[in-house]
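Visitor: Have a look at this fold, sequence not included:
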């Protein structure tokens, strides 16, 4: 009774800056730079495109709009682009979690509106005059509670999330309308709190921008080194230090360019720091915690998760609460940027843009596949299209048509990549 | 080995679903280091029996003894706490997760909130190595990319990783080709050699005669025979499956005999 010989575990090439003992059967984590590169090419060939199509698409869009309008590349427009993208990116992060468990939330647009309106109403100096932190806390608690309500109905009554959140879309749009029109005859309520206005309209002093970059690089490097050390202690393979160093250099160069360019204009927007922090936080939750693992498991196979003793309903409810919470944060960012709320807050193409951002960024609609990063990348694509079209003075109808085309292209790329994956046996 | 006390023993267990008497006063046992096959035609009660052991549903009557003590199993967690693991036919693996994540699913190591990936990865690696599962390219590979035999191996490794004492395998070779069936049967044999009590359900008598030490035959919810593999033939087992002597004739009011 002999086992068939090991077929695929080729020994890593010697040398190449790694002295680590390789575990018997080898691992996909590349030990050397050359191997890392080879793995990457192999992944591309087999249809694991990762974020590559989006970066290519973004570069293409930037080249296109840059050649059509000389204002596209200006530092002022770069900062504007960051500001325009922030709200959608924030809401889309919540949508990513919902898509990961193979559900959908159609209500995030108007839930963000509810959050913005509640905060604004509580801030009115003549009436309630709450401090900014209390108003924001109550607004976010409300949108999280709305997510809780959706999640409870979906799991306990076993109604599809599509229907529950569709009902939510109608309901919460009505609530926005009622609240705004009751508060003022025109329906428009201005935000007068400086802190809240500062969220989307303030910028870091130049020095702080640079300090932030240095802090990010230090933290990232320290974390990666700690990871390598922990893996070596357990004698499992770890990433080559050269690769980590290269990554740090790449982040440093791109980061420095971004900070330098932003500082030439008004500086690094405060909202970019907020969105960046949320991205780091949710990526940590998704990749490094038990809860995150369970989210992926529920999306991959709810039955396997249930048999493994995971409380699937609780995971689902928590995910809808995350969607509600992030919708609230996004709504506050958008309201701060517009300096007011009105009966249309949370409406328009916001919902579809948020879902499209998650999907364009590479999160699967069928659950289990995706990253928080895809929300940022997808929002950047949508923001770039909108920004470029605005510069060209095209009617907003064209904006929607082009955004639709980009979404379709993203889904097609994914579909073809999936076919390649199936052909190479990885799907 | 043959005379050691059974690790797991069922004494006179019955289960009824409405009008259907799925199990009737079944005795069953498995010793450590032994591969016990559970065979029977469709509807003989094999699945009901293992679901009762696994805590999916409780038996109506009868006793479960584990390592000589009488125990009650109210749910899958009770079974797992005793050291009973079941590998179901559909394996219940999440395709999108890698081998490590699947083997630790629901029991992830996360001291101080953060998942301890290096420790989990090392433990999975050594469990797979100890079972001589060498065909996996990497434990960080998504399960979606594995062959049927490799998936079965992962599911089995997942079951034995938790200091389990009894592993129940439901039709582990049902969907596999010849070479992969070979690998899985070797694996089953090694589980027994490691000192675990192994229960294997299969329709394939050829497979069973290759790995099993003893064979329990169920027919119409009753056990009709327990064979020693070394002293029996496939014909005997087939005869027991199709025409084994029933203690209790179906259709008679079991309330009278119960």
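Guide: That came through fine. Just so we're clear, the structure is a prediction, and the values are computed from it rather than from any experiment. Numbers count the residues shown, from 1 in each chain, chains lettered A, B, ... in the order given.
Visitor: Listing request: residues of chain A with sub-threshold pLDDT.
Guide: Counting by pLDDT under 70, chain A shows low-confidence ranges at A:1-31, A:46-48, A:421-427.
Visitor: Kindly state the domain boundaries assigned to it.
Guide: With domains defined by automatic domain parsing, chain A comprises A:67-202+A:292-413, A:204-268.
Visitor: now do the same end-to-end measure for the last one.
Guide: Chord length of domain A:204-268, first to last residue, is 5 Å (Cα to Cα, to the nearest Å).
Visitor: For the longest helix seen in chain B, buried residues please.
Guide: As assigned by DSSP state H, the longest helix anywhere in chain B is helix B:178-193. By neighbour count on 16 or more other Cβ atoms under 10 Å in any protein chain shown, the buried set for helix B:178-193 is B:180-192. Glycine gets a C-beta too; all of them are placed from N, C-alpha and C.
Visitor: go on, stretch A:329-341?
Guide: A:329, A:330, A:331, A:332, A:333, A:334, A:335, A:336, A:337, A:338, A:341.
Visitor: gap between it and the chain center?
Guide: Here the centre of stretch A:329-341 is set off from its chain's centre by 18 Å, with Cα atoms, centre = their mean, to the nearest Å.
Visitor: go on, stretch A:185-203?
Guide: From the chain centre to the centre of stretch A:185-203 is a distance of 24 Å (Cα atoms, centre = their mean).
Visitor: contacts for that stretch?
Guide: The contact list for stretch A:185-203 (Cβ atoms under 8 Å, 6 or more residues apart in numbering or on different chains) reads A:79, A:83, A:86-87, A:117, A:119-121, A:123-125, A:132, A:135-136, A:177, A:180-181, A:183, A:262, A:266-271, A:274, A:332-337, A:339-343.
Visitor: Any figure for the gap between the residue nearest to residue A:391 when sequence neighbours are not counted and residue A:381?
Guide: Excluding its sequence neighbours, the residue lying closest to residue A:391 (Cβ to Cβ, 6 or more residues apart in numbering or on different chains) is residue A:69, at 4.4 Å. As for residue A:69, its distance to residue A:381 is 18 Å (criterion: Cβ to Cβ, to the nearest Å).
Visitor: who has more neighbours, the two?
Guide: Set residue A:69 next to residue A:381 and count neighbours by other Cβ atoms under 10 Å in any protein chain shown: residue A:381 wins out with 24 against 18.
Visitor: how would you label residue 247: helix, strand or coil?
Guide: In the absence of a named chain, this looks at chain A. Of the three states, residue A:247 takes helix under DSSP: H, G, I helix; E, B strand; the rest coil.
Visitor: The intended chain is chain B.
Guide: With three-state DSSP as the basis, residue B:247 sits in coil.
Visitor: Thought residue B:222 was touching it, still the case?
Guide: Yes: proximity of residue B:247 to residue B:222 meets the contact threshold set by Cβ atoms under 8 Å, at 5.9 Å.
Visitor: where's the most centrally placed residue in chain B, which helix or strand?
Guide: By Cα atoms, centre = their mean, the mean C-alpha position of chain B lies nearest to residue B:168, the distance being 1.2 Å. Under the criterion of DSSP states H and E, residue B:168 resides in strand B:166-170.
Visitor: Compute the inter-axis angle for that strand and helix B:178-193.
Guide: 160 degrees (axes from the mean of the first three to the mean of the last three Cα atoms, to 10 degrees).
Visitor: same for strand B:166-170, what does it pack against?
Guide: Using 3 or more Cβ pairs under 8 Å, 6 or more residues apart in numbering or on different chains; DSSP states H and E as the contact test, the elements touching strand B:166-170 are helix B:46-54, strand B:84-87, helix B:148-160, strand B:197-201.
Visitor: just so I know, which of those lies nearest residue B:28?
Guide: Nearest to residue B:28 among those is helix B:46-54; the distance by Cβ to Cβ comes to 6.7 Å.
Visitor: quick one: that closest one to strand B:166-170, angle?
Guide: Using the same axes, to 10 degrees: helix B:46-54 against strand B:166-170 is 150 degrees.
Visitor: residues making contact with the helix or strand that comes right after helix B:46-54?
Guide: For helix B:46-54, the succeeding helix or strand toward the C-terminus, using DSSP H and E, is strand B:61-66. With contact meaning Cβ under 8 Å, 6+ apart, strand B:61-66 is reached by B:6-14, B:25-26, B:53, B:70-73, B:82, B:84, B:258.
Visitor: Just the buried ones out of the residues you listed, please.
Guide: B:6-10, B:13-14, B:25-26, B:53, B:73, B:82, B:84.
Visitor: any idea which of these is the one closest to residue A:367?
Guide: Proximity of the buried ones among the contacts of strand B:61-66 to residue A:367 (Cβ to Cβ) peaks at residue B:84, which lies at 30.8 Å.
Visitor: before we move on, the earlier item: for the longest helix of chain B, packing partners?
Guide: The contact analysis (3+ Cβ pairs under 8 Å, 6+ apart) places helix B:178-193 against strand B:35-39, helix B:148-160, strand B:197-201, helix B:205-211.
Visitor: any idea which of the domains of chain A is most buried?
Guide: Of all the domains of chain A, domain A:67-202+A:292-413 carries the top mean neighbour count, a mean of 21, counting by mean count of other Cβ atoms under 10 Å in any protein chain shown.
Visitor: How about the stretch 151-258 of chain B: which residue is closest to chain A?
Guide: Closest approach between the stretch 151-258 of chain B and chain A, counting by Cβ to the nearest Cβ: residue B:186, at 4.8 Å.
Visitor: roughly how far out does the strand or helix carrying residue A:253 sit from the chain middle?
Guide: Residue A:253 belongs to helix A:241-264 when elements are defined using DSSP H and E. Put simply, helix A:241-264 sits 20 Å off its chain's centre (Cα atoms, centre = their mean).
Visitor: what's near enough to touch residue A:138?
Guide: The neighbourhood of residue A:138, defined by Cβ under 8 Å, 6+ apart, consists of A:118, A:119, A:122, A:130.
Visitor: hang on, the third one is in a helix, isn't it?
Guide: Think residue A:122. Yes: looking at residue A:122 with three-state DSSP, it is inside a helix.
Visitor: export the buried ones among the contacts of strand B:61-66 to a markdown table and tack on secondary structure, pLDDT and distance to chain A?
Guide: Below are these laid out as a markdown table (DSSP: H, G, I helix; E, B strand; the rest coil; pLDDT from 0 to 100; distance: Cβ to the nearest Cβ, whole Å):
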| residue | secondary structure | pLDDT | distance to chain A |
| --- | --- | --- | --- |
| B:6 | coil | 88 | 26 |
| B:7 | coil | 91 | 23 |
| B:8 | strand | 92 | 20 |
| B:9 | strand | 92 | 25 |
| B:10 | strand | 92 | 22 |
| B:13 | strand | 92 | 23 |
| B:14 | strand | 92 | 25 |
| B:25 | strand | 91 | 29 |
| B:26 | strand | 91 | 24 |
| B:53 | helix | 91 | 15 |
| B:73 | coil | 89 | 15 |
| B:82 | helix | 91 | 15 |
| B:84 | strand | 91 | 14 |
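Visitor: nearest to residue B:202, of the residues you listed?
Guide: Using Cβ to Cβ, residue B:53 comes nearest to residue B:202 of these, at 16.7 Å.
Visitor: Tell me how far the closest one lies from residue B:59.
Guide: Residue B:53 sits 9 Å away from residue B:59, going by Cβ to Cβ.
Visitor: So in terms of bridging, what pairs with the nearest residue in space to residue B:7 that is not next to it in sequence?
Guide: Leaving aside its chain neighbours, residue B:7 sits nearest to residue B:197 (4.3 Å; criterion: Cβ to Cβ, 6+ apart). Using DSSP bridges, the bridge partners assigned to residue B:197 are residue B:166.
Visitor: from memory residue B:197 sits against residue B:165, does it?
Guide: Yes: counting by Cβ under 8 Å, residue B:165 is a contact partner of residue B:197 at 6.2 Å.
Visitor: Report the contact partners of the residue nearest to residue A:391.
Guide: A:388, A:391, A:392.
Visitor: For the first one, which non-adjacent residue is closest in space?
Guide: I take that to be residue A:388. Once flanking residues are discounted, residue A:388 sits nearest to residue A:65: 3.4 Å by Cβ to Cβ, 6+ apart.
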